[in-house]
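>>> could you look at this predicted model? Sequence included:
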Amino acid sequence: MMKIRRMLPFISLCILLVVCTGCANIKGAGQENDGKASSGETGESLEQSTVGVQEKDVSAAGVGSQDGSVSQAGDRSGGRQEGNEAEKEQAATEGQGSVGQDGENAAAEPKETETTEKMGEKLAAENAETGTESPNNVSGADELAGMEFTDIEPMMVYTTANVNVRFAPSTKAEILYKVSRGTIYEKNGEGDGWSRISIEGENYYIKSDYLREKKAPGEGGGHLIAIDAGHQSKANTDKEPLGPGSSEMKMKVSGGTRGTTTGLYEYELALAVSQKLKAELESRGYEVYMVRESHDVDISNSQRAQMAYDSGAEIFVRIHANGSENSAANGAMTICPTAQNPYVSGLYADSRRLSDKVLDGLTASAGCKKERVWETDTMSGINWSMIPVTIVEMGYMTNPEEDTKLSDDGYQQLIAIGIADGIDSYFATP
């Protein structure tokens, strides 16, 4: 009995250890089950998240989702991504200080606007000569929204092609009307490839690529005259249109005729007289622009007309000499467009008056025969002109007597004086 009493504490301790161990096992099992449950929930959450991502990608690709809630979440997520990209694009665009060519907010749809801009520029370049552009289905208010224009000191400009005047700076904006090459406007603003012009106090828009500054005549009240010494030392047999938009082609520039007696080339005679005419006009207070001052050039007839206009000249005087199979033909003549000219009919009256005055002055001064003013639409140098123009045929280099006179410095001076007299008369009698 004493032994059993002595063993009770030990037995109690063992029983206590067994009980504690059992409790610990039960608790551990509970924790393990809890962990499995937690892992299961996490796995389900990841699966749902993956599904959400997949559904978002499908939604972004434009495919309908069977699970409306997931699809909507995907759409919202996609919208946030697009918004972030747009914000980045907007920041970059604002940093460059530009907006889309079509006058729309470049940040709203940056990639589409960029593509539209490039396409618009390409279409504008392709259609400039024909005056055709994109459909006019956009209002001015929409296009001006977000478009930044810089006010500039008003300046005179002219159109270099047949172009459309629009209500807003966009190739999609409504067209006011189409204008022809050489039309003059006052420009008062510019922005993103467009120019703002004023017509009767209202603002309209033309692509800047097709406008050029119209230079004013020189200071001091003198008139500015453009002189073109005809031809050049080497002909350019390549072809160019007879006039703006013409399908008929003509040699860019020929070498001209040659004196049958003196051997003097027409391009040499033309420059010699042009230089004398320049000096004579300057002595009378005129300003003079010379299209060429050497023989070694390559300037087509259309380019010569463009250069004359770009100079700001008021009239264009082209110096030439004549030739004929009939060696007896002699005398001076001038050439101008007809009243029905398909390219420059608006210049007919002034060109005819200039041709008459110059021919009268030349023949009176030089004492040569007066042939006529020839009206024709076959001269590309006339058809491309944008200011009153005349071609002066000083005499026939195929006539032995006249050829000899034309090579003489004194006779050349009389021709220059006579042309200058005709110019004086032109400006004196509007």
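Thanks, I have it. These numbers come from a predicted model, not from an experiment. Numbers count the residues shown, from 1 in each chain.
>>> make it CA atoms for all contacts and neighbour counts henceforth
OK.
>>> what comes up buried for the host helix or strand of Trp374?
Here Trp374, judged by DSSP states H and E, is contained in strand 370-375. Judged by neighbour count (16 or more other C-alpha atoms under 10 Å), strand 370-375 contains these buried residues: Lys370, Glu371, Val373, Trp374, Glu375.
>>> of those residues, closest to Asn188?
Ranking these by separation from Asn188, with C-alpha to C-alpha as the measure, puts Glu375 on top at 39.3 Å.
>>> coming back round to it: relative to Lys172, which of the buried residues of strand 370-375 is nearest.
Compare each of the buried residues of strand 370-375 with Lys172 using C-alpha to C-alpha and the shortest gap goes to Glu375, at 41.9 Å.
>>> and that closest one, bridged to which residues?
Here Glu375 sits in beta bridges with Cys336, going by DSSP bridges.
>>> of the buried residues of strand 370-375, closest to Pro337?
For the buried residues of strand 370-375, the closest approach to Pro337 (C-alpha to C-alpha) belongs to Glu375, at 5.2 Å.
>>> the closest one contacts Cys336, correct?
Yes. Glu375 sits in contact with Cys336 when judged by C-alpha atoms under 8 Å, with a separation of 5.1 Å.
>>> hmm, back to that, could the buried residues of strand 370-375 go into TSV alongside pLDDT?
Compiled in TSV, the buried residues of strand 370-375 are given as follows (pLDDT from 0 to 100):
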residue	pLDDT
Lys370	98
Glu371	97
Val373	98
Trp374	98
Glu375	98
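>>> SS state for Thr237?
Local secondary structure at Thr237 is given as strand here, using DSSP: H, G, I helix; E, B strand; the rest coil.
>>> what separation do you get for the nearest residue to it once chain neighbours are set aside and Lys239?
Closest residue to Thr237 apart from its sequence neighbours, by C-alpha to C-alpha, 6 or more residues apart in numbering: Met251 at 5.2 Å. Met251 sits 4 Å away from Lys239, taking C-alpha to C-alpha, to the nearest Å as the criterion.
>>> hang on, the earlier thing: dihedrals phi and psi, the residue nearest to Thr237?
Summarising the backbone geometry of Met251 under the convention degrees, to the nearest 10, its torsions are phi -50, psi 140.
>>> any idea how far Met333 is from it?
Counting by C-alpha to C-alpha - Met251 and Met333 are separated by 23 Å.
>>> quick one, which of the two is more surrounded?
When Met251 is set against Met333 and neighbours are counted by other C-alpha atoms under 10 Å, the residue ahead is Met333, at 27 against 16.
>>> packing partners for the helix or strand harbouring that one?
Here Met333 is covered by strand 332-336, with elements defined by DSSP H and E. Using 3 or more C-alpha pairs under 8 Å, 6 or more residues apart in numbering; DSSP states H and E as the contact definition, the elements that strand 332-336 packs against are helix 348-366, strand 370-375, strand 389-396.
>>> now the ones you listed as TSV including distance to Ile299?
Compiled in TSV, the helices and strands packed on strand 332-336 are given as follows (distance: least, C-alpha to C-alpha, whole Å):
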stretch	distance to Ile299
helix 348-366	23
strand 370-375	24
strand 389-396	17
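>>> go through the ones you listed and pick out the most buried.
The highest mean neighbour count among these belongs to strand 389-396 (a mean of 26), with neighbours defined as mean count of other C-alpha atoms under 10 Å.
>>> what does the helix or strand following that one contact?
The C-terminal neighbour of strand 389-396 among helices and strands, as given by DSSP H and E, is helix 400-406. By C-alpha atoms under 8 Å, 6 or more residues apart in numbering, the residues outside helix 400-406 that reach it are Gly259, Thr260, Thr261, Thr262, Leu269, Ser327, Asn330, Gly395, Tyr396, Met397, Tyr411, Gln412.
>>> out of those residues, which is most surrounded?
Those, ranked by neighbours (other C-alpha under 10 Å): first place Met397, 31 neighbours.
>>> ok, Arg304 touching Tyr289?
No. Counting by C-alpha under 8 Å, no contact exists between Arg304 and Tyr289, whose distance comes to 11.4 Å.
>>> and these two? Which one has more around it.
Neighbour count, other C-alpha under 10 Å: between Arg304 and Tyr289, Arg304 has more, with 25 against 17.
>>> for Gly381, see how far away the residue lying closest to the more buried one once chain neighbours are set aside is.
Here the nearest residue to Arg304 in space, its sequence neighbours aside, is Val291; by C-alpha to C-alpha, 6+ apart that works out to 6.4 Å. Taken as C-alpha to C-alpha, the spacing of Val291 relative to Gly381 amounts to 12 Å.
>>> hmm, back to that, and of the contacts of helix 400-406, the nearest to Ser355?
The nearest member of the contacts of helix 400-406 to Ser355, counting by C-alpha to C-alpha, is Gly395 at 15.1 Å.
>>> got a list of what the closest one touches?
Applying C-alpha under 8 Å, 6+ apart, the residues contacting Gly395 are Ala321, Asn322, Asn330, Gly331, Ala332, Met333, Glu402, Asp403, Leu406.
>>> next one: Leu354
Taking C-alpha under 8 Å, 6+ apart as the contact definition, Leu354 lies against Pro388, Val389, Thr390, Gly422, Ile423, Tyr426.
>>> still on that earlier bit, nearest to Pro169 among the contacts of helix 400-406?
Minimum distance to Pro169 across these is 49.9 Å, recorded for Leu269 (C-alpha to C-alpha).
>>> between Val291 and Gly381, what contacts are shared?
Residues touching both Val291 and Gly381 (C-alpha under 8 Å, 6+ apart): Arg304.
>>> who's more crowded, these two?
Gly381 (25 against 21).
>>> checking my notes, the more buried one in a helix, right?
Yes. Remark: Gly381 belongs to a helix, assigned using three-state DSSP.
>>> could you number the chain from 891 rather than 1 from now on?
Okay, residue one is now 891; in that scheme the one you just asked about reads as Gly1271.
>>> what confidence value was assigned to it?
pLDDT, the model's per-residue confidence, is 96 for Gly1271.
>>> quick one: the helices in the chain?
Taking DSSP state H as the criterion, the chain carries its helices at 892-950, 958-986, 1000-1017, 1030-1034, 1156-1173, 1191-1200, 1238-1256, 1270-1273, 1290-1296, 1299-1318.
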